[in-house]
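Undergrad: next one to model:
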Amino acid sequence: MKWTEDEVAYLILRKGKGNSWNQIQKDLNNKFARDRSINAIMGKWNYLNAKLLKAPFFSETERNFVFQCSRNNLSDYKTIQAFYEQFDRKIDKYDILCIVKDKTIEYEEAKIRNESKLDLDLVNLKSRIKKNLENKIKQNKVRKLKNKKAKKTGQMTKWTKEEDISVCRYSSAKEAGLNLTEAGSKRTYGGITQRWYSLKKSGAMLALKEVKKVPKYIKEKKKSTKSKKPRSSGYTSLRWKKEEDSLLSEVSTLDELKTLAKNTGRSLSAVKVRFYSKGFSFSTKDNSRRRWTKEEDFNLVCDFYELSIDEARNLFNRSYGAIASRLEMLVDSTEPDHISMLMEASVLIKARKSVRDSKATKSPKPSRKERKQAKKLAKLEKRLAKLRGE
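TA: Predicted coordinates:
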């Protein structure tokens, strides 16, 4: 009995798992309804190993190609054809089976490695996050303790203008520190001296020394900071007057609205909002409802397909939808006047086409074949002329 491909594959898989020959014999005979002896199975295995040693060498690209074909559920016959077309080399069914087996093992091993790497990366990330959180918690605790100490001594609070003026009144940092600490200020001696030097470096000391009345100076500073900035746009933000509303009611076009916005000193958007909120609207004529004349209908039928959208709008002074619906009505109409008008229009259109066709047009270029044939004829004529002695 010949060995089938399924039997060979089953034998390779079971032997690869490390099963004994007795187990393989029992399972193989039960599965495929065979009566093979242990010697026959061992002989087949040895034959396969010898064939493996004699098997041709396949490059990595070729092996990957075969493996991808098997993963895409291509049959062995199609993979053999595709392999031959791609690499100009023959391959056997047994070779396909061996390559697929080796590549599946490699694929699974790589998958396991990647999963283990991902697990290690996750563990490292978790440990880093924990460390960062612990460090932040420690830093926050240290900051809170420092802030508590500073609040007790009065170091971390901001310096007010009154305190700066009182520091600048003294000629040296030592005098300021001694006098202010004796006077009962919340600041330490070191903090006062540092503030004195920082004010001297910044150049604010000269201005603060000249201040005599502290509360008056602070009030003036507050007023100067709270002063309103002028509007960058330059438009007015005043309330609308009755006179302006009456002017809005007289507006009939957008240009008039723009001129009114310029005259009043308001933005165009604000004027538009006021215009529409008051219920006003532009007094425009709806030309789409105007009746069509016979001349317009005739021109529409004759010139519609030669005009652009903008040209049609300007010519008939209507929307493009109204023009198209009118043309459709004229074409589908059963009235005798409309039918006679269409006949006249068709005569005129044919006359126009005949005039266009009669005009001189450039002769088209000869094709590639025609040019080749002309060259060949020219060569033959030259040869004939030589033979004749011309």
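
Undergrad: okay, domains of the protein per the record?
TA: The chain breaks down by automatic domain parsing into domains covering 158-220, 242-277, 292-355.

Undergrad: dump those to TSV, plus mean pLDDT.
TA: Shown next, in TSV, are these (pLDDT from 0 to 100):
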stretch	mean pLDDT
domain 158-220	76
domain 242-277	82
domain 292-355	84
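
Undergrad: so for residue 93, which of those sits nearest?
TA: domain 292-355 (67.0 Å; CB to CB). No exception for glycine: its C-beta is placed from N, CA and C like everyone else's.

Undergrad: how long is that closest one from one end to the other?
TA: One end of domain 292-355 sits 30 Å from the other (CA to CA, to the nearest Å).

Undergrad: show me how far that domain is from its chain's centre.
TA: 47 Å (CA atoms, centre = their mean, to the nearest Å).

Undergrad: please renumber so the chain begins at 8
TA: Will do, 8 is the new start, and the previous item becomes domain 299-362.

Undergrad: helix, strand or coil for the residue sitting nearest the centre point of the chain?
TA: Nearest to the geometric centre of the chain sits residue 125, at 29.8 Å (CA atoms, centre = their mean). Under the three-state scheme (DSSP: H, G, I helix; E, B strand; the rest coil), residue 125 adopts helix.

Undergrad: and for residue 96?
TA: Assignment for residue 96 (three-state DSSP): coil.

Undergrad: in stretch 98-117, which residues are buried?
TA: Buried residues in stretch 98-117, counted by 16 or more other CB atoms under 10 Å: 98, 101-107, 110.

Undergrad: right, I mislabeled it, should have said stretch 346-358
TA: Counting neighbours by 16+ other CB under 10 Å, one finds that the buried residues in stretch 346-358 are 348-349, 352.

Undergrad: follow-up on the earlier one: tell me the pLDDT of the residue nearest to the centre of the chain.
TA: The per-residue pLDDT reported for residue 125 equals 75.

Undergrad: any idea where the helices of the stretch 108-257 of the chain begin and end?
TA: 168-175, 180-190, 196-209, 212-216, 221-232, 249-256 (DSSP state H, counting those that start in this stretch).

Undergrad: deepest of those, which one?
TA: A comparison of those by mean neighbour count, using mean count of other CB atoms under 10 Å, puts helix 168-175 on top with a mean of 18.

Undergrad: what's that one packed up against?
TA: For helix 168-175, the elements it packs on are helix 180-190, helix 196-209, helix 212-216, helix 221-232, judged by 3 or more CB pairs under 8 Å, 6 or more residues apart in numbering; DSSP states H and E.

Undergrad: could you check the angle it makes with helix 196-209?
TA: With axes from the mean of the first three to the mean of the last three CA atoms, to 10 degrees defining the directions, helix 168-175 sits at 90 degrees from helix 196-209.

Undergrad: quick one, helix 168-175 and helix 180-190 angle?
TA: Counting by the same axes, to 10 degrees, helix 168-175 lies at 130 degrees to helix 180-190.

Undergrad: centre of the chain to helix 168-175, how far?
TA: 57 Å.

Undergrad: whatever helix or strand residue 47 lives in: what's the following helix or strand?
TA: Taking DSSP states H and E as the definition, residue 47 sits inside helix 45-61. Toward the C-terminus, helix 45-61 is succeeded by helix 67-78 as the next helix or strand (DSSP H and E).

Undergrad: CA atoms only for that following helix, dumped as CSV, please.
TA: The C-alpha trace of helix 67-78 is given here as CSV (Å, rounded to 0.1, in the frame of the first residue of the first chain):
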residue,chain,number,x,y,z
GLU,A,67,15.2,32.3,3.1
THR,A,68,13.1,34.2,0.6
GLU,A,69,12.1,30.9,-1.1
ARG,A,70,11.1,29.4,2.3
ASN,A,71,9.2,32.5,3.2
PHE,A,72,7.3,32.4,-0.1
VAL,A,73,6.3,28.7,0.4
PHE,A,74,5.2,29.4,4.0
GLN,A,75,3.1,32.4,2.9
CYS,A,76,1.4,30.3,0.2
SER,A,77,0.5,27.7,2.8
ARG,A,78,-0.8,30.4,5.2
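
Undergrad: run through the neighbouring helices and strands of it.
TA: Packing partners of helix 67-78 (3+ CB pairs under 8 Å, 6+ apart): helix 83-94, helix 100-160.

Undergrad: weakest of these by average pLDDT?
TA: Taking the mean pLDDT of the helices and strands packed on helix 67-78, helix 100-160 comes last: a mean of 78.

Undergrad: phi, psi of residue 43?
TA: Here is the backbone geometry of residue 43 (degrees, to the nearest 10): phi -90, psi 140.

Undergrad: where's the nearest residue to it once chain neighbours are set aside relative to residue 18, distance?
TA: Nearest residue to residue 43 in three dimensions, chain neighbours excluded: residue 36, at 6.1 Å (CB to CB, 6 or more residues apart in numbering). From residue 36 across to residue 18, the span is 12 Å (CB to CB, to the nearest Å).

Undergrad: give me the more crowded residue out of the two.
TA: residue 18 (18 against 14; other CB atoms under 10 Å).

Undergrad: where does the more buried one fall, helix, sheet strand or coil?
TA: Residue 18 - assigned by three-state DSSP - is helix.

Undergrad: hang on, the earlier thing: kindly present the buried residues of stretch 346-358 as a markdown table, with separate columns for secondary structure and distance to residue 52.
TA: Listed next are those as a markdown table, based on DSSP: H, G, I helix; E, B strand; the rest coil; distance: CB to CB, whole Å:
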| residue | secondary structure | distance to residue 52 |
| --- | --- | --- |
| 348 | helix | 96 |
| 349 | helix | 91 |
| 352 | helix | 93 |
